[in-house]
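**Q** attaching a predicted model along with its sequence, questions to come.
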Amino acid sequence: MSKSVFSEGDEGVRLIVRDRRKKGVRPPMSGRSPVHVVYGGADRFSAETPSKLGRIALATLREHASNFVEFADAMHIPGTEGLPRLPDVVAKIESRIASDPQKVRKLQPDAWVAWTVYEKTLRKLESEPVEDFRIDFEDGYGFRTDEEEDADAVRTANETAAAMKSGSLPPFFGIRVRSFAPASYGRAKRTLEKFLGTLTKTSEGPIPENFVVTLPKVTDKKQVREMCSVLKKIEKKHGISSGSIGLEIMIETAEAIFDRKGNIALPGIVSAAKGRCSSVHFGAYDYTSALGISSRHQALDHPACDFARQIMLASLAPAGIRLVDSVTTELPVPLHRGNGLTEGQQAENRRAIHAGWRTHFQNVSKSMANGFYRSWDLHPNQLPARYAAVYFFYLDGFDTQAKRLRRSLDMSAKASLTGNVFDDAASVRGIVTFMQNAFDCGAVNEDEIRIATGLSSDELKALDLDSFVGG
């Protein structure tokens, strides 16, 4: 690549950071970051949707993984292959963990991790099954008449207001409209205006906290600027605080990766949002389709997708932009439905559910290992695998990361006493991010953070990382 590619990208990063500071937007790690985003068609959304998704996921989990060993086996959680399968033996291990979890953690770490992940997943599905939800007026909604989409925009806004009133809305929330390409621009703008106009009227003013609009199939910065202009007018018209509507950009075309001059386009596209954009999503299947890759070979792990994700990571992560990976299309759903199923049909259902869980667990794990700490969920039965992957990711690496952090803090303190420089800020920053994420998602609690690191969660977040480099 030419030098201009990187200079353009570096300038874009500076612009993004500057615009976020001017708007007062906090970088992602200064606040909670959801572990996923659930998409659901606008035609099916109601105020009860988030809690309903949790009930379905919980029922599926209890039916197809009645204990932590079955759960670990279904997900193929690494390191748990040797756990006993006999129900009586599993029950004894569960009893030992319940009475003295720290002892079992030392003597049988694989059993402790599997049990902990299982229990945390159950509790999560009971208390907060959905962290982030997007009402979908695009691919998950399909082709509709203008009358149908108008009606659904109004209806979903009223349902959102009802959920706000009852307190049943997820902590992060928003809608995805159609593309701002010429063919669908008018429809997307109309849906956005009807939804927000109705919502502010029904709720008598406020919009949900952490509300965002997702703009799909972005091809250039002009579409982002136009969306921001529309949002600004809507905010002014309906008395919404200026700049409070967030924007998410979806990368699904080659034009969003490289512009016509061959420069990296992403920083410029994000900076065009003038501080509104905190997240960028990757749409693997639309992206590979746009490149002319046949449907038979379109997949999350296609080399073209890996390349696009690396460009996103290198050009946007330094600016504090959250990166969101694509969807797992293999769903953990039963093959047979209804009452009176034969034993063979029940076994086939179980295998189908487990296969879907396993694929999603692997995809989520790989995304997180590659720096994409969020991705999409499309079906409630994906939620058990989502949280299993997230909790295992942090629990599996927690002790090692905690030891590294304590060692780094000790080395930094010694360097300060001797007037030297501990020049390892990049490593410490990565460790601190890991620990913060682990705490924010519930993989570890306050006591575990303090015991492992010697710091409270607030002290961890307040660490002055600049102190690890000299000058």
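**A** Happy to help now that I have it.
**Q** C-alpha from now on. contacts and neighbour counts both.
**A** Will do.
**Q** thought residue 96 was touching residue 102?
**A** No: counting by Cα atoms under 8 Å, residue 96 sits too far from residue 102 to count as a contact (10.0 Å).
**Q** who does the helix or strand where residue 249 lies touch, helix- and strand-wise?
**A** Secondary structure from DSSP states H and E places residue 249 in strand 246-251. When contacts are defined as 3 or more Cα pairs under 8 Å, 6 or more residues apart in numbering; DSSP states H and E, strand 246-251 sits against strand 211-215, strand 277-282.
**Q** which SSE is immediately downstream of that strand?
**A** helix 266-271.
**Q** other SSEs contacting that next one?
**A** helix 3-23, helix 221-238, helix 303-316.
**Q** who does the shortest one touch, helix- and strand-wise?
**A** For helix 303-316, the contact count by 3+ Cα pairs under 8 Å, 6+ apart identifies helix 3-23, helix 266-271, helix 284-290 as packing neighbours.
**Q** worst mean pLDDT among the ones you listed?
**A** Lowest mean pLDDT of the helices and strands packed on helix 303-316: helix 3-23, a mean of 47.
**Q** continuing past it, what's the next helix or strand?
**A** strand 37-41.
**Q** quick one: average pLDDT of the very next helix or strand once past that following strand?
**A** Downstream of strand 37-41, the next assigned helix or strand under DSSP H and E is helix 49-64. The average pLDDT within helix 49-64 is 97.
**Q** list the contacts of helix 49-64.
**A** 122, 125-126, 128-130, 133, 168-170, 350, 353-354, 379-384 (Cα atoms under 8 Å, 6 or more residues apart in numbering).
**Q** what about burial for those, which qualify?
**A** The neighbour count (16 or more other Cα atoms under 10 Å) marks 122, 125, 129-130, 133, 168-170, 350, 353-354, 379-384 as buried among the contacts of helix 49-64.
**Q** what about the strands in the stretch 101-250 of the chain?
**A** According to DSSP state E, counting those that start in this stretch, the stretch 101-250 of the chain carries its strands in the segments 132-136, 172-176, 211-215, 246-251.
**Q** show me the shaky parts of this protein.
**A** Low-confidence segments of the chain, defined by pLDDT under 70: 1-31, 412-426, 464-471.
**Q** at 50 instead, please
**A** Low-confidence segments of the chain (pLDDT under 50): 1-10, 13, 17, 20-21, 23-30, 416, 418, 421-423, 469-471.
**Q** just give me the longest helix of it.
**A** When the chain is parsed with DSSP state H, its longest helix is helix 383-417.
**Q** give me the buried positions along that helix.
**A** So for helix 383-417, counting by 16+ other Cα under 10 Å, buried means 383-395, 398, 401-402, 404-406, 408-409, 411-413.
**Q** distance to residue 235 for the strands of the stretch 101-250 of the chain - can I get that in JSON lines?
**A** As requested, the strands of the stretch 101-250 of the chain are exported to JSON lines (distance: least, Cα to Cα, whole Å):
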{"stretch": "strand 132-136", "distance to residue 235": "20"}
{"stretch": "strand 172-176", "distance to residue 235": "15"}
{"stretch": "strand 211-215", "distance to residue 235": "13"}
{"stretch": "strand 246-251", "distance to residue 235": "11"}
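**Q** indicate which one of these is closest to residue 74.
**A** strand 132-136 (25.4 Å; Cα to Cα).
**Q** which parts of stretch 338-358 are buried?
**A** Of the residues in stretch 338-358, those buried (16+ other Cα under 10 Å) are 346, 349-358.
**Q** near residue 233, how many other residues are there?
**A** 15 (other Cα atoms under 10 Å).
**Q** likewise the one 10 residues further on?
**A** For residue 243, the count of nearby residues is 18 (other Cα under 10 Å).
**Q** from what I can see it touches residue 274, true?
**A** No: assessed by Cα under 8 Å, residue 243 is found out of contact with residue 274, at 9.3 Å.
**Q** residue 245 contacts residue 213, correct?
**A** Yes: proximity of residue 245 to residue 213 meets the contact threshold set by Cα under 8 Å, at 7.2 Å.
**Q** between those two, what contacts are shared?
**A** By Cα under 8 Å, 6+ apart, no residue touches both residue 245 and residue 213.
**Q** which non-adjacent residue is nearest residue 46?
**A** Once flanking residues are discounted, residue 46 sits nearest to residue 159: 5.4 Å by Cα to Cα, 6 or more residues apart in numbering.
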